[in-house]
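[1] curious how this folds, go ahead:
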Amino acid sequence: MPALNSSVLPPRTVKASTGLVPAVERATAILSYLQTNTDSSVCTVTGIAKALGLHKSSCSNILRTLESSSLIEYDPDSKSYMLGAALIGLGATATRRRGILQVGLRPVESLVRQTGLSCVTFTQLPNKSFLIIAQTDSAKDIKVTINTGQYFAPGTPALARLAMASMGGEEIDAYITKYCQPRFTAATKTEHATIRKEIERTRAQGYAISQGEYYAGNTVVVAPIFSAQDNICRGICLIGFAGQVDEDELPALGEKVRDTARTITEAIGGEFKFSVPNYIE
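    Alright, predicted model coming up:
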């Protein structure tokens, strides 16, 4: 959106909406206001409070809170506020994630058509849990469905092995100890040596397979998506009922998932780093 250097948007009074947190609404209204108004004379506490219909004391408290997180910055000379440096990182992350979803849409749709199985795109969060950021469901009547916005535990077998495949030996051991001991089903692998062999296989093949370890009766195949900008674990996960996937078809299925992930990786400027035999320390 072009900056409005000398003009001011019409005042927008902030009104609480049902089910929303008023303080957060006010904070987002302030950020939106600073995005579109760059004239310092109207970006003071008084100017912002008046434009948005906020009490000056409440507005001041919100501004100080946003400033403490570097979401906005204060200019003592003009006594005005502007958007802060932290938003640059947030925007860059949002752009990368959106880019992955946009670039990956057609390859994933093609994978789903070829296999008849559902596929999700996921990313690992700072707390090590996994978040589903996109889903493409199979057209079949009987299918596994995982919804966008759903979270999975840090120790979710196939996803965790994908994350650990980019780690060093000590980091892997710490991750296994901290996150990979819960047994989701009777088939869940929890032994260090067994999991490390699975990680070695993941690196060598470029994909990971898990059968009945998280949900009994489900088979998943996952492969990583690498970004040129960061080392965050993200990837795609093909999932189906065990009865939909024959044992002897798994290697070919893994290759399809890996090739799709590689296509997406290269399209966003990344380098596919796995499929390197004996890569584990």
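[2] for the helix or strand harbouring Tyr81, list every residue counted as buried.
    Using DSSP states H and E, Tyr81 sits in strand 80-83. By 16 or more other C-beta atoms under 10 Å, the buried positions in strand 80-83 come out as Ser80, Tyr81, Leu83. Any C-beta I mention is one placed from the backbone N, CA and C, and that applies to glycine too.
[3] how about the contacts made by the last one?
    Read that as Leu83. Contacts for Leu83 (C-beta atoms under 8 Å, 6 or more residues apart in numbering) come out as Leu31, Leu34, Gln35, Leu71, Ile72, Glu73.
[4] and for the second one?
    Shown here is Tyr81, whose contacts under the criterion C-beta under 8 Å, 6+ apart are Leu34, Cys43, Thr44, Val45, Ile48, Leu63, Glu67, Ile72, Glu73, Tyr74, Asp75.
[5] re earlier: quick one: strands adjacent to the strand holding Tyr81?
    Strand 80-83 sits in its sheet next to strand 72-75 (antiparallel), going by DSSP bridges.
[6] about what we covered before: among the contacts of Leu83, which has the minimum pLDDT value?
    Among the contacts of Leu83, Gln35 carries the weakest pLDDT, at 90.
[7] ok, which stretches of this protein are helices?
    Counting by DSSP state H, the chain has helices at residues 22-36, 45-52, 56-68, 86-115, 157-164, 169-179, 192-205, 250-267.
[8] show me the domain layout of this structure.
    What automatic domain parsing lists as the domains of the chain is 22-84, 91-267.
[9] to Phe274, which of those lies closest?
    Proximity to Phe274 (C-beta to C-beta) singles out domain 91-267 among the domains of the chain, at 4.2 Å.
[10] pick out the residue closest to the middle of this structure.
    Geometric centre of the chain, nearest residue: Thr123, 3.7 Å, by C-alpha atoms, centre = their mean.
[11] which residues does the residue nearest to Arg113 when sequence neighbours are not counted contact?
    Nearest residue to Arg113, sequence neighbours excluded (C-beta to C-beta, 6 or more residues apart in numbering): Ala139, at 7.8 Å. By C-beta under 8 Å, 6+ apart, the contact list for Ala139 reads Val112, Arg113, Gly116.
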